Each structure stands twice: as C-alpha cells, then as structure tokens.
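Structure for this input, please:
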Amino acid sequence: MKIAAITEDRVTISRHFGRAPFYLVLTVENGKIVGRDLREKLGHAQFAEAHAATDEETADDPRGHGFGAASHDRHVRMAAAIADCEVLLAGGMGAGAYESMQRAGIRPIVTDVAGIDDAVAAYLAGALVDHTESLH
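Numbering: from 1, shown residues only. Coordinates of the predicted model:
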C-alpha cells in the first residue's frame, strides 16, 4: 500500500494542499513503513495564470471555488504524481480538490495530526479522523 502526504519538509503534513511543493509517498507492508519517496507536486505556483479564469468559471457554481472543469483538470494533474497511492494525507484542502482526489480513486484525509509518521500510524490503526468540516 502507498500513502501520500503533502509536505514542505518531509516530516510534517502541510496545512494547505494547493501550496505544498511535495508529496512524501510512503510504502507500507505488513503495517510498517518500508519505503519513502519524495515527489514534486504541482500547485498554485504552477497554475497562477489560470486562477483568474477559474474564478470566473466558478462564480456561478453553488458549491463554490474549485469545482469547475478547469479546477478539476488542475486537480487531476496534481494527482497524477500519486496515481499509485490509495490515500492522501493533508492538513487542509479545498472541497473541490477533495472531490477530485476521490474521483481519481485516491482517498483524501484532512487531518490535524502534524507528523507524517504519526498520521500514517493512526491511519493504519484505524484511528485517523477525516476532518471534512475543515474543507474550504
């Protein structure tokens, strides 16, 4: 099983999915982390020019920002680097990104656990809470 965590420092889970520059992908076998792979992650910096178009596109969407076709396309491009992962751990993310990850077959979890290893251990123990109330 592979679990991705968004990160800036390889140790903690970033609080903002769109701004984090990396995924740390952890390979888990028999309940233990057996591998770590740092992968670059597309984010707001790479999509800055397209944000104005997205804001116009989603202005009339009752679900709000991040649900239009252009946003979903960006989220799919962000997910491509972790297409082999089952789970994505984030400290915070938009509701549109959350939905796009689900549609890509990746289970997003918004957690308040800061440490990547601690969050993975909690997930494997079935004790990691998905704080969907924190979606923006």
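
helix or strand right after the lowest-mean-pLDDT helix or strand in the chain?
In the chain, no helix or strand scores lower on mean pLDDT, DSSP states H and E than helix 51-57, which sits at a mean of 50. Next in sequence after helix 51-57, counting helices and strands by DSSP states H and E, comes helix 69-79.

bridging residues for residue 38?
Taking DSSP bridges, one obtains residue 24 as the residues bridged to residue 38.

What's the per-residue pLDDT of it here?
Note on residue 38: pLDDT of 98.

Distance of it relative to residue 13?
14 Å (C-beta to C-beta, to the nearest Å). For every residue, glycine as well, the C-beta is placed using N, CA and C.

Counting neighbours around each, name which of those two comes out higher.
residue 13 (27 against 12; other C-beta atoms under 10 Å).

Next, the contact list for that one, please.
With contact taken as C-beta atoms under 8 Å, 6 or more residues apart in numbering, residue 13 is in contact with 5, 6, 7, 89, 90, 91, 111, 113, 114, 115, 116, 119.
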